[in-house]
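K.L.:
Okay, here's the prediction I keep looking at, along with the sequence it came from:
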Amino acid sequence: MTAKKTQIVIVGGGAGGLELARRLGAKYGRKRHDIILVDRNRTHIWKPLLHEVAAGSLDANLDEVGYRSHCHRWGYRYFYGALDSIDREARKIILAPVLDEDGSELIGRHEIRYDYLVIAIGSVTNDFGTPGVRENCIFLDSRAQADRFRNKLLNHCLRVSRAMTADPSADEYVRISIVGGGATGVELAAELYNSASALRYYGLEIFDESRLKVTLIEAGPRILPALPERLAEAAQHELEALGVRVLTGTAVTEATADEIVTRSGERIKSDLKVWAAGVRGAEVLDGIGGLETNRAFQLVVRPTLQTSRDDRIFAMGDCCSCLLPGSERPVPPRAQAAHQMATSVLHNLERMMAGKPLKPFVYHDHGSLVSLSRFQTVGSLMGNLVGGRMAVEGRLARFVYTSLYRMHLLAIHGWVKGTALLLIGRVNAIIRPRLKLH
Ligand SMILES: Cc1cc2nc3c(=O)[nH]c(=O)nc-3n(C[C@H](O)[C@H](O)[C@H](O)COP(=O)(O)OP(=O)(O)OC[C@H]3O[C@@H](n4cnc5c(N)ncnc54)[C@H](O)[C@@H]3O)c2cc1C
């Protein structure tokens, strides 16, 4: 009789979870342990690319990874489904029923046994309960939402182009409001101008960036609070030069079908409204399996990334609340943190199975970079190599920014396929259209 394999279940195949599944699968899958990845989607796209998908400057079909082919290659099993609850006593996760497009039930509620569980389900946009936001704004949490934004954007560009063709004196614009002056909002604002400037080459003769009216609204005193003030100012100047209206110190109190309403009473007419004002954990985590969560529905973890109430359950990435050593500040919700946590959880799982003491997670902040599309990249790098903190702009910043995605490709595909995909990406950049128009 063969011994029962240790079953390691990872829920969420994003920036952190997919890397962990690949590394565990490559090392132990098909042999000693059974590695299982659960995701509510069938494909993975790296979340930091979503603003480019939304603006149409990136075709997600080319960058998506199908979990089924990936698991076959790397020796883990994949289950399609969404985490619903955890039965800690029986060591089982329960997945919600899988529904067909028309809402009919394909697969009923089902259970998966685990010996060790890793929760890596990321975050969702936080609307802070602001009236009308959920109904009227688009969030950039998933590919489906980014696609929805792009389709609406193209429809409005077409509307303006047709109106101007019919009557050249018509003063028509596509009005877009973006709430949140963090990296996502700033990057999206710049990317929209990049896309709009390319549209005239794709059949919309009477459309260019001058027909865009983008307003970026930030409640805090300045945009990009994670960057040094000088760089945030440089980014704001760049955005304003493109035509973006930047409002700081402006809280939004309501979103309606065609307006964003600010605390001062200004009503900003908007054809499209994007809410990118912060993240929180998914509601499903609230009290799940009796585990401890904070007020933002993130799972509270110990320094080893084990959840505070269960040694066998780890949490990592955006869905966990992990405090920086000796501080009340949490590790920030970033792709680089999810990537580093994947390594830490991998090693701690190995130590735990070998009966060795676990090691605390140490976060290495390598800095933050913000891409203003092809116009500029700004940010700060941190670490011993650059001697503390170093502000960067221009080509060097652009190079490091694009390297982050390269590293993710290598982490989820290994060196051979990862390098091949990078080369294919270079070729595609030359031979494929600059915009995704459908
Ligand atoms: C537009 C945008 C730009 C960004 N730019 C940057 C950047 O430049 N640099 C940076 O460091 N970070 C950036 N981020 C943040 C970064 O994307 C996240 O911090 C990172 O993706 C978190 O990784 P994760 O593994 O925790 O979660 P994710 O990568 O979000 O993955 C979560 C996975 O869990 C799955 N899932 C969710 N709920 C369930 C469920 N109930 N059951 C099963 N599966 C589920 C999802 O389908 C997804 O595959 C950006 C984010 C956005 C939205």
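P.N.:
Cool, got the structure.
K.L.:
Can you give me the separation between the residue of the stretch 301-438 of the chain found nearest the ligand and S344?
P.N.:
Proximity of the stretch 301-438 of the chain to the ligand (Cβ to the nearest ligand atom) peaks at G317, 2.1 Å away. Where you see a C-beta, it was placed from the backbone N, CA and C, and this is true even at glycine. Plainly put, G317 is 11 Å away from S344 if you go by Cβ to Cβ, to the nearest Å.
K.L.:
likewise I424?
P.N.:
Distance of I424 to S344, given as Cβ to Cβ: 31 Å.
K.L.:
helix or strand for D365, which one?
P.N.:
Assigned by DSSP states H and E, D365 belongs to no helix or strand.
K.L.:
How many residues are close by it?
P.N.:
18 (other Cβ atoms under 10 Å).
K.L.:
Just the mean pLDDT for the longest helix along the chain, thanks.
P.N.:
Longest helix in the chain, counting residues (DSSP state H): helix 394-431. Per-residue pLDDT over helix 394-431 has a mean of 79.
K.L.:
Of G317 and S344, give the one with the bigger neighbour count.
P.N.:
Per other Cβ under 10 Å, whichever of G317 and S344 has more neighbours is G317, with 31 against 23.
K.L.:
how about low-confidence regions in this structure?
P.N.:
Within the chain, the segments meeting pLDDT under 70 span 1-3, 200-205, 382-389, 429-438.
K.L.:
Assumed A338 was part of a strand.
P.N.:
No. Counting by DSSP: H, G, I helix; E, B strand; the rest coil, A338 is not found in a strand; it is helix.
K.L.:
S69 should be in a helix, yeah?
P.N.:
Yes. Assessed by three-state DSSP, S69 belongs to a helix.
K.L.:
For the residue nearest to L212 when sequence neighbours are not counted, what is the enclosing helix or strand?
P.N.:
Spatial nearest neighbour of L212, excluding adjacent residues (Cβ to Cβ, 6 or more residues apart in numbering): A196 at 5.0 Å. Using DSSP H and E, A196 falls within helix 183-199.
K.L.:
Run the angle between the next helix or strand after that helix and helix 183-199 for me.
P.N.:
Heading C-terminal from helix 183-199, the first helix or strand you meet, by DSSP H and E, is strand 212-217. Strand 212-217 runs at 170 degrees relative to helix 183-199, counting by axes from the mean of the first three to the mean of the last three Cα atoms, to 10 degrees.
K.L.:
buried set for the next helix or strand along the chain from strand 212-217?
P.N.:
Sequence order places helix 229-242 as the next helix or strand after strand 212-217, per DSSP H and E. Neighbour-count burial for helix 229-242, counted by 16 or more other Cβ atoms under 10 Å, picks out 231-232, 234-236, 238-239, 242.
K.L.:
which parts of this structure sit against the ligand?
P.N.:
11-17, 38-41, 44, 47-48, 50-51, 82-83, 120-122, 140, 183-184, 282, 284, 317-319, 333-336, 338 (Cβ under 6 Å from any ligand atom).
K.L.:
Pairing partners for L323 in the sheet, please.
P.N.:
L323 forms beta bridges with P330, as assigned by DSSP bridges.
K.L.:
That one contacts P330, doesn't it?
P.N.:
Yes. Counting by Cβ atoms under 8 Å, P330 is a contact partner of L323 at 5.7 Å.
K.L.:
mind listing the helices for the protein?
P.N.:
Under DSSP H, the chain gives helices at 17-28, 50-55, 60-63, 67-74, 133-136, 143-166, 183-199, 229-242, 335-353, 394-431.
K.L.:
I'd like the ones you listed laid out as CSV, including distance to D127.
P.N.:
Output for the helices of the chain, formatted as CSV (distance: least, Cβ to Cβ, whole Å):
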stretch, distance to D127
helix 17-28, 25
helix 50-55, 17
helix 60-63, 24
helix 67-74, 29
helix 133-136, 4
helix 143-166, 13
helix 183-199, 14
helix 229-242, 23
helix 335-353, 22
helix 394-431, 27
